[in-house]
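Colleague: Coordinates for the following, if possible.
(4 chains)
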4 protein chains.
Amino acid sequence: MVRGAKICISGAYGSHELVVLPQSAKIEGEEDYAVAFAVPVDAQGITYVCQYSPFSAERDAADDIYELGNPIFGQRETAMVVFDNVFVPWERVFHCGEVKYSLKLVQRFAKTHRMTCGGTCKVGFMNLIIGACKLIQEYKGLEKAFHIDDELIEMVTLRETCRACGLAAARLGKEEPEGSGVFLPDELMGNVSKLNTCNAFWRVMALAGDIGGGTIVTMPSLKDLSNPETAKYVEEFYSFGSDEPTENILRVHKLLQNWTAGQHGVATWHGAGPVMAQKIMIKRVLDYEHEKNLVREILNIKPSH
Amino acid sequence: MVRGAKICISGAYGSHELVVLPQSAKIEGEEDYAVAFAVPVDAQGITYVCQYSPFSAERDAADDIYELGNPIFGQRETAMVVFDNVFVPWERVFHCGEVKYSLKLVQRFAKTHRMTCGGTCKVGFMNLIIGACKLIQEYKGLEKAFHIDDELIEMVTLRETCRACGLAAARLGKEEPEGSGVFLPDELMGNVSKLNTCNAFWRVMALAGDIGGGTIVTMPSLKDLSNPETAKYVEEFYSFGSDEPTENILRVHKLLQNWTAGQHGVATWHGAGPVMAQKIMIKRVLDYEHEKNLVREILNIKPSH
Amino acid sequence: MVRGAKICISGAYGSHELVVLPQSAKIEGEEDYAVAFAVPVDAQGITYVCQYSPFSAERDAADDIYELGNPIFGQRETAMVVFDNVFVPWERVFHCGEVKYSLKLVQRFAKTHRMTCGGTCKVGFMNLIIGACKLIQEYKGLEKAFHIDDELIEMVTLRETCRACGLAAARLGKEEPEGSGVFLPDELMGNVSKLNTCNAFWRVMALAGDIGGGTIVTMPSLKDLSNPETAKYVEEFYSFGSDEPTENILRVHKLLQNWTAGQHGVATWHGAGPVMAQKIMIKRVLDYEHEKNLVREILNIKPSH
Amino acid sequence: MVRGAKICISGAYGSHELVVLPQSAKIEGEEDYAVAFAVPVDAQGITYVCQYSPFSAERDAADDIYELGNPIFGQRETAMVVFDNVFVPWERVFHCGEVKYSLKLVQRFAKTHRMTCGGTCKVGFMNLIIGACKLIQEYKGLEKAFHIDDELIEMVTLRETCRACGLAAARLGKEEPEGSGVFLPDELMGNVSKLNTCNAFWRVMALAGDIGGGTIVTMPSLKDLSNPETAKYVEEFYSFGSDEPTENILRVHKLLQNWTAGQHGVATWHGAGPVMAQKIMIKRVLDYEHEKNLVREILNIKPSH
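Modeller: Alright, predicted model coming up:
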């Protein structure tokens, strides 16, 4: 019987099974918390307390998904999951009290998650942000604005850096344990991936907000395009003199609203663990012996001990 | 009779009067756009197309203002304002076709607005963000977490920098025109204020998001505290072991949601003009003669011309 | 009789008197270190072990000060000062064992030094760097290069930020103790001044290095202008097609070498105390009560205690 | 017969041959500058005007290489190379007037150079800097200073980011031309490598300067360890209470002086081309069609044209 909760878990209630891991390294005396297991998502005793945000309210109020900022995929749905005396059959328990293995379980999960979260997932988000910024630059006829090009190049550079770190984490990965046929990413590079992404994403948001303009947060509803009192004004002034149908222009603005004025900054930072979690892992990996020896060699000095 | 629109104007329809300025420096041939005047907010021919955002929807759906992230003051309400043949009596026209004065009108407004927007207004926002972060640090019993202290100090440093620039813009201000009794802020420092605030605010948001945790964007509704199916779980797991009533803790989280996962990044950047507008003004102010002469003097060289 | 050393002290041996303060707050049991006094710079028992750097060697090897990067003022001359049984007459002792006042002595010195070091001294350095960059932009005919203007504006913004913080530290200063007629800078703002300067200065160096070009570190000696084998080549290729005498152009390059490829990054950071020293002082000043109360008020919550 | 000059070229006179490429893309009418060829380093008509810097003077004045900051490898030796009617035999000319191929020559060189310069070369420099910082942390007994660990982790993260980008540039490289058996790095990633390195290196210098302390720029000569007037003082106060021989400690400080207070910031930035050169190449590579199409697809909008 399991009792406890995880206060934020994204996408959980949309899955078939929940796979539960220990929260961190465990030590002697913490055997009761050193557990890993799987249960069906609707097992007896599990309650999900769903997130409720402005975006939940907006979705409830919409008549058409295309009024929303991310019409097809929606917002990241996160919930608190509570286990109130949930029974787990023994054949679905993977780890139970063997505290010396808890860290390894967490580490293997973390480095994989940080590579994908740092290296690939956010690259996709950035593709959308960059694409929307480029379209707005074109709608507004600002193809020659040097500073917008400069901001696009900065966003691309941040995106490629995240991609490179993800790629390197995979490339430097090792079979673990040897002979198992299972390859896991490089621990150091996996964490570096995520660290870079944390900072990159906020910067990309700021740059996209600059290109998108104040209108991405102050725009009217897409419904105002069919409201007879407002339609002609919105139609005219949101066209920016472009040939593109105003509705398309508004949708692209709304997409940028979704990415720059929503939950993605905080979510990208904390998903797969916040900065401090990566720093702790990086510190654990480093011993600096290689670097110290290079210095000793180049200076022709011997260690004193 | 005036025709035209401003695509985003905050707080306008809550005012008694609209004071309209030229959008930028005007040149010969643009006399028709070189106008400044005042009209009552509800003058015949004016239409406001209001912003509609997730926050509008959330407010519509709320039963109690304390479910919202900024319960008393709400979101910044911005609208597009359209002038469709609005009559302005001659005694309320301040500027009409004298293109050589348009730039001065804009500049005087801009440097004042940039000082206040950069120097004081956002200092107040940061006070709230910093206060909420400190409370969360205490609720969670993390007073000894070095990295949180470090982040608070960084936020305070950014806030004080914005305050200092605002103060300096005022302190270095000059009577303009001389003898008028009207003092205006220093142009260079007014723009520097705003530039610093643009970057500072996004960084403060990122740091606050780190301290607030993923829960500030994934938290349930405050209504879940009175929902019998969820109340005890939310009560327990959002108390973080603190003595503080859970409802208070949730309200503070919701406040941080408002500041870190909403429209403030983009709005702070663009309100009072985006970065490029400040750079253009700064460039206009600078001639570098003082600095070049210092170099010539210290190197004992004569200008060649 | 005093024994001890300070490992780096700039300009000391060029002064008339050394004024010695306690190194930090002292506590009971450390009375012997809680001392402040003045001695003539050449008192019996004092030894200065002077710094020796590449710049010392270059000065020794120069035939003319104008071959050097900072011809008139030279490099910051720092020394280790050792007190080996130095006698201090009682009438020149200001503090001796009263540990409870040591912190106050240090703090008053530090906040003054951080204001001046952060707010004014480095503003002057940046004036020279900016002036030299502007001259090089002109010598090379790059007045229309947008990215160089952008870098100059960034340098000016950093300089003005440092100036603003210094000004604000002075402006917010208080008479201390009240009625004494002595005004000291604001503690928080004094430290914020220095913190901003630490980061600003390295960034200004990087930007100046970009504008100056690789040639500021790879340039030949100014002597090569009078070496018959090299003179015509240096004359031609270092003129960059400008009317300015090549010697002037080389001197400006050499000045930028001094500021971007020398000891100023580290020296600016550590002079008046490194970043961590400012953070400690800032932490000491802050209690966050004001900010926490603003949050409670806006959320209508009462403190639980 | 070739005439012209390159104003800074590192290591040239230590090579056997000079391989000369066009400086940039050439267009019709610039055929005379569209040349590539090889000549022996001492061909008739070539003159090298060597760099002269404080580091040159220090080397001249040293009695022992171990008094210098980079004893075995020395400073980067750069020179201006002048071709004053140099004869190039036809069989050593690779490109002569075919302007349409000039860009390709430059690009292939540049992307390779940017990968290595960004991805691997500076990783080695950073290894030395990080190793020296770690040793100083240990000599001073500051293993528990949280902020130093934090700075080391930041340096490692920057180093790994540079490594990752270099690795990714190689990994994403393609055979060029197809079937040639010659693989060249990915153009976008090669340039991203270098861009990241430019900023990373200045930041690493600043962090290393913080850990190294003011003493890395204010230290005495290593000769002072054998000067009877100063030896005991230097011996005592530069030991920092460590068991390590003071001479070793001084050498490590001197190494950090070399990396933080010298020509490496500017040289790393400009070597393989400055930031603007990378941005121009990145802009040339990008067309944003992929990103724009992703946006159109997710919003279900059709291009208007």
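Colleague: Might you report the residue contacts of residue A:13?
Modeller: For residue A:13, the contact set (C-beta atoms under 8 Å, 6 or more residues apart in numbering or on different chains) comprises A:41, A:48, A:50, A:77, A:79, A:81. All C-beta spots, glycine's among them, are computed from the backbone N, C-alpha and C.
Colleague: okay, who's weakest in these by pLDDT?
Modeller: Lowest in pLDDT among the contacts of residue A:13 is residue A:77, which has 91.
Colleague: Can you get me a residue count around that residue?
Modeller: Residue A:77 is flanked by 16 other residues according to other C-beta atoms under 10 Å in any protein chain shown.
Colleague: so it touches residue A:11, yeah?
Modeller: Yes - assessed by C-beta atoms under 8 Å, residue A:77 is found in contact with residue A:11 at 6.4 Å.
Colleague: Who are the contact partners of the closest residue to residue A:75 other than its chain neighbours?
Modeller: Once flanking residues are discounted, residue A:75 sits nearest to residue A:55: 4.5 Å by C-beta to C-beta, 6 or more residues apart in numbering or on different chains. Counting by C-beta under 8 Å, 6+ apart, residue A:55 touches A:69, A:75, A:262-263, B:54.
Colleague: how distant is the host helix or strand of residue A:55 from the center of its chain?
Modeller: Secondary-structure assignment from DSSP states H and E places residue A:55 in helix A:54-61. Here helix A:54-61 is found 21 Å from its chain centre; the criterion is C-alpha atoms, centre = their mean, to the nearest Å.
Colleague: Please save the CA atoms from the next helix or strand after it in CSV.
Modeller: Note on helix A:54-61: by DSSP H and E, the next helix or strand toward the C-terminus is strand A:78-86. The C-alpha coordinates for strand A:78-86 follow below in CSV (Å, rounded to 0.1, in the frame of the first residue of the first chain):
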residue,chain,number,x,y,z
THR,A,78,-0.2,19.2,-15.0
ALA,A,79,-1.8,17.8,-11.9
MET,A,80,-1.0,16.9,-8.3
VAL,A,81,-1.3,13.2,-8.0
VAL,A,82,-2.2,11.8,-4.6
PHE,A,83,-1.8,8.1,-3.6
ASP,A,84,-4.1,7.4,-0.7
ASN,A,85,-3.5,3.8,0.2
VAL,A,86,-2.9,2.5,-3.3
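Colleague: hmm, strand A:78-86 in reach of chain B?
Modeller: Yes - judged by C-beta under 8 Å from any C-beta of the partner chain, strand A:78-86 and chain B are in contact via A:78-80, A:82, A:84.
Colleague: quick check, nearest of those residues to chain D?
Modeller: Nearest to chain D among the residues of strand A:78-86 next to chain B is residue A:78, at 21.0 Å by C-beta to the nearest C-beta.
Colleague: Could you find the closest non-adjacent residue to that closest one?
Modeller: residue B:218 (3.8 Å).
Colleague: Please apply the same query to residue A:9.
Modeller: residue A:81 is the one closest to residue A:9 (C-beta to C-beta, 6+ apart), at 5.3 Å.
Colleague: quick one, what contacts that neighbour?
Modeller: A:5-6, A:9, A:12-13, A:18, A:46-48.
Colleague: Most widely separated two among these?
Modeller: Pairwise distances across the contacts of residue A:81 (C-beta to C-beta) peak at 14.0 Å, for the pair A:5 and A:13.
Colleague: ok, residue A:171 - contacts?
Modeller: Counted by C-beta under 8 Å, 6+ apart, residue A:171 has contacts D:167, D:171.
Colleague: again with residue A:54
Modeller: For residue A:54, the contact set (C-beta under 8 Å, 6+ apart) comprises B:53-55, B:57-58, B:69, B:262.
Colleague: Quick one: the strands in chain A, in order.
Modeller: In chain A, strands defined by DSSP state E lie at A:2-10, A:17-20, A:35-40, A:46-50, A:78-86, A:93-96, A:174-175, A:183-184, listed in chain order.
Colleague: thinking again about what came up before, take the residues of strand A:78-86 next to chain B and write them to TSV, including neighbour count.
Modeller: Output for the residues of strand A:78-86 next to chain B, formatted as TSV (neighbours: other C-beta atoms under 10 Å in any protein chain shown):
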residue	neighbour count
A:78	26
A:79	21
A:80	25
A:82	22
A:84	15
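Colleague: In chain A, what residue comes closest to chain C?
Modeller: For chain A, C-beta to the nearest C-beta, closest residue to chain C: residue A:146, 5.0 Å.
Colleague: Now that residue: closest residue in space, sequence neighbours ignored.
Modeller: Distances taken as C-beta to C-beta, 6+ apart put residue C:146 closest to residue A:146, at 5.0 Å, once the chain neighbours are dropped.
Colleague: cool, residue A:279 as well?
Modeller: Per C-beta to C-beta, 6+ apart, closest to residue A:279 is residue D:153, 5.2 Å.
Colleague: burial measure for the one you found, as a count.
Modeller: Using other C-beta under 10 Å, residue D:153 has 20 other residues around it.
Colleague: Quick one: residues contacting it.
Modeller: Applying C-beta under 8 Å, 6+ apart, we find residue D:153 in contact with A:279, A:282-283, A:286.
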